[in-house]
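Undergrad: When you get a sec, could you give me coordinates for this:
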Amino acid sequence: MIETIATKLDELNKQAKLIKRFENKYKDKFANDLRLRPSVGSFSLVSCADKTSQSGWSKLGSENGLNRAFGKAIQRQRRNVPEKKLQSWLIREARKGARKIQSISELLGDQFWFVSDEIAISDPVTKKKFVADMLLVRVDNKNLAQLVNVELKYQRSMDTFRQVIKFREVLENPRLRRAWQHFAEIMTGRTFQWHLPQKNTYGLVIWPTADNPSRALANKKRADYERIGVLGFMRKGPKAQKRYVFKIE
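TA: Below you'll find the model as predicted:
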């Protein structure tokens, strides 16, 4: 399995380098809410606007394909997925901060840098699929970095924690670790000083704030899942200017 996933990570890094070249070449195209997202073997042109959250054109493989996608209008998703609006909001915040997500950084006291989102790695032999809503880099006050896989949910479910743990199988594997770190450095355009392997990753669950936090199931179960932080969110403000407000749980 590891050999197959290592090959897929090589493909992911290849696409990351490609979209960085396109981002530099077509800077004017990404002035608003359009962006490029790498995946294994291809890349996507995606919107992070609130009305067209995470919609776009996928499975692009060339500059010609990208230019054709630029000429097409992006439509709203047919299915309403509230997590996508939260995801897009965080990404817009990262774009404003040169990839730093200020709200989470201020709340947790470290620097959180946006790497990419909708990461999916699968193994054709075992049929296992490893998915992360978002991948970040956390840099602490000693300037040491670790990868952070994030799960976004609009319902509170302990399965969310298990999703974070499952992705760690590939994120923390010693034979894959450097490829993931390389991916993060390509996407952020930064070089990090990485934590030792035993502190190599962190997880983050972001879901709705509990009506009664003292009775929340997560408070009783979190001890079972090490190195996972939990943020509750609420959406506040006028309809046209709603923003997400987070709190540590």
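
Undergrad: Let me see the ranges of the helices in this structure.
TA: 2-25, 63-70, 82-96, 102-108, 159-171, 177-188, 217-221 (DSSP state H).

Undergrad: What residues sit buried inside the third one?
TA: Same thing as helix 82-96. 83-95 (16 or more other C-beta atoms under 10 Å). Where you see a C-beta, it was placed from the backbone N, CA and C, and this is true even at glycine.

Undergrad: Farthest-apart pair in the residues you listed, please.
TA: Spanning the widest gap among the buried residues of helix 82-96 are E83 and R95, at 18.6 Å by C-beta to C-beta.

Undergrad: want to throw the buried residues of helix 82-96 into a markdown table with pLDDT and distance to H195?
TA: Compiled in a markdown table, these are given as follows (pLDDT from 0 to 100; distance: C-beta to C-beta, whole Å):
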| residue | pLDDT | distance to H195 |
| --- | --- | --- |
| E83 | 90 | 28 |
| K84 | 91 | 31 |
| K85 | 92 | 32 |
| L86 | 95 | 27 |
| Q87 | 96 | 26 |
| S88 | 95 | 29 |
| W89 | 95 | 28 |
| L90 | 97 | 23 |
| I91 | 97 | 25 |
| R92 | 96 | 28 |
| E93 | 96 | 25 |
| A94 | 97 | 22 |
| R95 | 95 | 26 |
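
Undergrad: Nearest to V170 among the residues you listed?
TA: If you rank those by distance to V170 using C-beta to C-beta, Q87 comes first, at 20.8 Å.

Undergrad: okay but that closest one is in contact with A132, surely?
TA: No. With contact defined as C-beta atoms under 8 Å, Q87 does not reach A132; the gap is 11.4 Å.

Undergrad: anything in contact with each of those two?
TA: Both Q87 and A132 are in contact with D117, where contact means C-beta atoms under 8 Å, 6 or more residues apart in numbering.

Undergrad: so what's the nearest residue to K59 once chain neighbours are set aside bridging to?
TA: In this structure, K59 finds its nearest non-sequential neighbour in S42, 4.7 Å apart by C-beta to C-beta, 6 or more residues apart in numbering. Taking DSSP bridges as the rule, S42 bridges to S39.

Undergrad: what's the neighbour count on R138?
TA: By the criterion of other C-beta atoms under 10 Å, R138 has 22 neighbours.

Undergrad: Ignore what I typed, I meant G61.
TA: Neighbour count for G61, taken as other C-beta under 10 Å: 12.

Undergrad: That one and S42 touch, don't they?
TA: Yes. Proximity of G61 to S42 meets the contact threshold set by C-beta under 8 Å, at 5.2 Å.

Undergrad: who's in contact with Q15?
TA: P38, S39, V40, G41, S42, F43.

Undergrad: Show me the shaky parts of this protein.
TA: Along the chain, the model assigns pLDDT under 70 to residues 198, 212-223, 239-241.

Undergrad: Need the nearest residue in space to the residue nearest the centre of it, chain neighbours excluded.
TA: Of all residues in the chain, the one closest to the mean position by C-alpha atoms, centre = their mean is M134, 1.5 Å from it. Excluding the flanking residues, the one nearest M134 by C-beta to C-beta, 6+ apart is V150, at 4.0 Å.

Undergrad: Now for that neighbour: which residues touch it?
TA: Neighbours of V150 in contact, by C-beta under 8 Å, 6+ apart: A132, D133, M134, L135, L136, G203, L204, V205, I206.
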